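**Student:** predicted model, plus sequence, below.
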Amino acid sequence: MTNQNVMVTDTKSGINMAITVAVSNSSLFTTAAQKPPAVPGSYITISKKKLLQNLDINGGARINAWVDSMRASSPTHIKSPALSEDLNSWIVHHPSALDMFEQITNASKGKQIVMFLDYDGTLSPIVDDPDRAFMSDAMRATVRKLARYFPTAIVSGRCRDKVYSFVRLAELYYAGSHGMDIKGPSKGSKYKKGAQSLLCQPASEFLPMVDEVYKTLLEVTKSTPGAKVENNKFCVSVHFRCVDEKKWSELAQQVRTVLKEYPKLRLTQGRKVLEIRPTIKWDKGKALEFLLESLGYANCTDVFPVYIGDDRTDEDAFKVLRDRGQGFGILVSKIPKDTSASYSLQEPSEVMAFLRRLVDWKRMSLRRHFRMRRRLEEIKMSLPN
Ligand SMILES: O=P(O)(O)OC[C@H]1O[C@H](O[C@H]2O[C@H](CO)[C@@H](O)[C@H](O)[C@H]2O)[C@H](O)[C@@H](O)[C@@H]1O
């Protein structure tokens, strides 16, 4: 019997929970201590009725599972030699996008690269205060250059206006609220005519409900020091980064009590954050598909989408790319995680280095292309009539 990290969906609350289970050949049992996974974030996805029943025995067990999941979604640093060994073997399957740069650009030859960028943890480093997650001027300048050469979209869990206030580049596409609020560039985009009028809000009917939940959660979580509730328009984030770990179960209980009254809302998790959102089948993956379609690449074989993200919610987009067999995902992570991304980068500074290389590569290939065209023109002109 071995311990495995398992991701299950609680059918009642909709929460994706990460728990450690002892696995034999024929059955699954939750471990008595419900310890956090040995390698945080390294999961297999299963659906076992028995497992869910175990979690349902009483509310306490369910809350324990929530807290385990909160821990698992908050991996920190590689501490033990065993974990760094895991990292070494993980890297073999998800090599650095910087090391594989040539292979990547070779695979994209003759195709239009379309860039999708998550915000927090990808373009800006993770900080304690979500209102101060600024991106650097150098990163902004890099993304601005990137958008000159490739259609570029920001795909974030944040409210669209908020992420725009951080990025401040009018020429980009923005998909806020985990893709539930998509808008085309507000400044003329050279990539798609009419993009300025593009707006997609598939969860608009949930707006009053989400606002009500936001206000209730704000009130209910007041008693938990450090908890922060963020209104992301079509979803709500409950942050526990600054909450003492001893208080996590209290916070989980508060959120669970509120959520019980709203069966049309579900819970997902990000980095030290509980995210409440409508149950509609819409996520960052759907947003990516919608944007590709809006750009006119719905059924094209000559498109090469690249999605860079650091969070569990980005996995939906990585999966879409895997399933389409087009382009690829890059996971930003310093630790091994189960992912559908093909490549990895360790942190936002590496993301910036990768984007810069992409810009330089494109600039050089365009220069080469124009030089060659000029040369051909010259040869044509020098030929006798
Ligand atoms: O899809 P994303 O753009 O990655 O948004 C996901 C969540 O990001 C933000 O929270 C995360 O970043 C904060 C600032 O660094 C950090 O304090 C927090 O612990 C992280 O979870 C944002 O505040 C959330 O609303 C988004 O859901």
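**Tutor:** Sure, I can see it.

**Student:** any stretches of this protein with poor pLDDT?
**Tutor:** In the predicted model of the chain, residues 1-61, 74-83, 188-189 satisfy pLDDT under 70.

**Student:** hey, which helix is longest across it?
**Tutor:** Counting by DSSP state H, the longest helix found in the chain is helix 348-382.

**Student:** so which residues on the stretch 1-150 of the chain come close to the ligand?
**Tutor:** D118, Y119, D120, G121, I126, V127, D128, P130, A133 (CB under 6 Å from any ligand atom). Placement of C-beta: from N, CA and C, glycine included.

**Student:** and the gap between R266 and the ligand?
**Tutor:** Using CB to the nearest ligand atom, to the nearest Å, R266 is found at 14 Å from the ligand.

**Student:** check D99 too.
**Tutor:** 24 Å.

**Student:** please convert the residues of the stretch 1-150 of the chain next to the ligand to CSV, extending it with secondary structure and neighbour count.
**Tutor:** Output for those, formatted as CSV (DSSP: H, G, I helix; E, B strand; the rest coil; neighbours: other CB atoms under 10 Å):
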residue, secondary structure, neighbour count
D118, coil, 24
Y119, coil, 23
D120, strand, 24
G121, coil, 20
I126, coil, 15
V127, coil, 12
D128, coil, 12
P130, helix, 17
A133, coil, 19
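
**Student:** among those residues, list the two that are farthest apart in space.
**Tutor:** Within these, two members stand farthest from each other by CB to CB: D118 and D128, at 19.1 Å.

**Student:** right, is stretch 178-185 up against the ligand?
**Tutor:** No - between stretch 178-185 and the ligand, judged by CB under 6 Å from any ligand atom, nothing touches; the nearest distance is 6.7 Å.

**Student:** buried stuff in that stretch?
**Tutor:** H178, G179, M180, D181, I182, K183, G184, P185 (16 or more other CB atoms under 10 Å).

**Student:** the fourth one reaches V210, doesn't it?
**Tutor:** It refers to D181. No - counting by CB atoms under 8 Å, D181 sits too far from V210 to count as a contact (11.3 Å).

**Student:** tell me, what's touching these two both at once?
**Tutor:** Common contacts of D181 and V210 (CB atoms under 8 Å, 6 or more residues apart in numbering): K233, F234.

**Student:** buried stuff in the longest helix of the chain?
**Tutor:** For helix 348-382, using 16+ other CB under 10 Å, the buried residues are P348, E350, V351, M352, F354, L355, R356, L358, V359, W361, K362.

**Student:** do the same with stretch 206-225
**Tutor:** Quick answer for stretch 206-225 (16+ other CB under 10 Å): F206, V210, V213, Y214, T216, L217, L218, V220, T221, T224.

**Student:** wondering if that stretch reaches the ligand at all.
**Tutor:** No - for stretch 206-225, no contact with the ligand is found by CB under 6 Å from any ligand atom; the gap never falls below 11.5 Å.

**Student:** now do the contacts for the residue lying closest to G110 once chain neighbours are set aside.
**Tutor:** Spatially, and ignoring its direct neighbours in sequence, G110 is nearest to D302 (6.4 Å; CB to CB, 6 or more residues apart in numbering). With contact set as CB under 8 Å, 6+ apart, D302 has these partners: G110, K111, Q112.

**Student:** do the same with R160
**Tutor:** Counting by CB under 8 Å, 6+ apart, R160 has contacts Y174, A175, G176, S177, D181, I182, K183, K233.

**Student:** can you give the strand pairings for the helix or strand containing the first one, parallel or anti for each?
**Tutor:** Taking DSSP states H and E as the criterion, Y174 maps to strand 173-176. Counting by DSSP bridges, the strands paired with strand 173-176 are strand 152-155 (parallel), strand 181-183 (antiparallel).

**Student:** for those strands, give me JSON lines that also has distance to V332.
**Tutor:** Shown next, in JSON lines, are the strands paired with strand 173-176 (distance: least, CB to CB, whole Å):
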{"stretch": "strand 152-155", "distance to V332": "13"}
{"stretch": "strand 181-183", "distance to V332": "22"}
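
**Student:** of all these, which lies closest to Q326?
**Tutor:** strand 152-155 (15.3 Å).

**Student:** report whether that closest one contacts the ligand.
**Tutor:** No - using CB under 6 Å from any ligand atom, we find that strand 152-155 stays clear of the ligand, coming within 6.9 Å at best.

**Student:** do the same with stretch 284-293
**Tutor:** No - no part of stretch 284-293 sits near the ligand under the criterion CB under 6 Å from any ligand atom; the closest distance found is 7.4 Å.
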